[in-house]
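Colleague: After the sequence you'll find the predicted model.
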Amino acid sequence: MKTLSELAFSRWEGKSELWEDPLGNVAQESDCTIAIDDGVVTYRWSYQGKPHEGNLKLGAGDVVFSDTWHQQEPIACEVVPGGRAIATVQYTYMQEWGWRIHLCHRDPTGELVLQMTNIAPWGEEARAVRMVCKRALG
């Protein structure tokens, strides 16, 4: 399994899926990019032709998340320990809802996956975002 430091200063390109459908059957697709720098994961995507950007700033024991569409005000996230992902973080919004973010490196394909899940107050998890990218050439 790759670590964030092993992927530092890499660039990725691929496709993004955004699920607004409450049943999770219909996704809006767009091109996306992910850049991993020293402790910061930045991604770009679009929705209905409008560009959006988000980032995860990973510090010593803390993570701050922001996204121009999902979470405009930066919010502190809780690191979820023990997962198989490069990083898994989560936070609570609207007092009862949850949001979980996984950053994974698929072996053996080498793809980088950024996945976000919405968690209802009763515990049901629903797909929200998935970005699947390959390392950019050059």
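Modeller: Arrived safely, thanks for sending. Because the structure is predicted, anything quoted here is derived from the model rather than measured.
Colleague: partners of residue 41 in the sheet?
Modeller: For residue 41, the beta-bridge partners under DSSP bridges are residue 36, residue 56.
Colleague: do residue 132 as well
Modeller: residue 15, residue 113.
Colleague: list the contacts for it?
Modeller: For residue 132, the set of contacting residues under the criterion of Cβ atoms under 8 Å, 6 or more residues apart in numbering consists of 14, 15, 111, 112, 113. (Glycine included, C-beta is placed from N, CA and C.)
Colleague: quick one: pLDDT of the closest residue in space to the first one that isn't next to it in sequence?
Modeller: Spatially, and ignoring its direct neighbours in sequence, residue 14 is nearest to residue 133 (3.3 Å; Cβ to Cβ, 6 or more residues apart in numbering). In this prediction, residue 133 carries a pLDDT score of 98.
Colleague: wait, residue 133 sits on residue 110?
Modeller: No. Taking Cβ atoms under 8 Å as the contact criterion, residue 133 and residue 110 are not neighbours in contact, 10.0 Å apart.
Colleague: Compare the two (neighbour count), which wins?
Modeller: residue 133 (22 against 12; other Cβ atoms under 10 Å).
Colleague: residues touching the most centrally placed residue in the chain, list them.
Modeller: Nearest residue to the geometric centre of the chain (Cα atoms, centre = their mean): residue 114, 3.9 Å. Neighbouring residues of residue 114 by Cβ under 8 Å, 6+ apart: 34, 41, 43, 101, 102, 103, 104, 129, 130, 131, 133.
Colleague: Between the two ends of stretch 46-63, what distance do you get?
Modeller: Distance between the boundary residues of stretch 46-63 (Cα to Cα, to the nearest Å) amounts to 24 Å.
Colleague: Contacts for it next, please.
Modeller: 4, 18, 28, 30-31, 39-45, 64-71, 74, 76-77, 79, 87, 89, 101, 103.
Colleague: which parts of it are buried?
Modeller: By neighbour count on 16 or more other Cβ atoms under 10 Å, the buried set for stretch 46-63 is 46, 52, 54, 55, 56, 57, 58, 63.
Colleague: Break down the protein into its strands, ranges please.
Modeller: With strands called from DSSP state E, the chain shows them at 10-19, 27-37, 40-47, 50-58, 63-67, 71-79, 87-93, 97-105, 112-119, 125-135.
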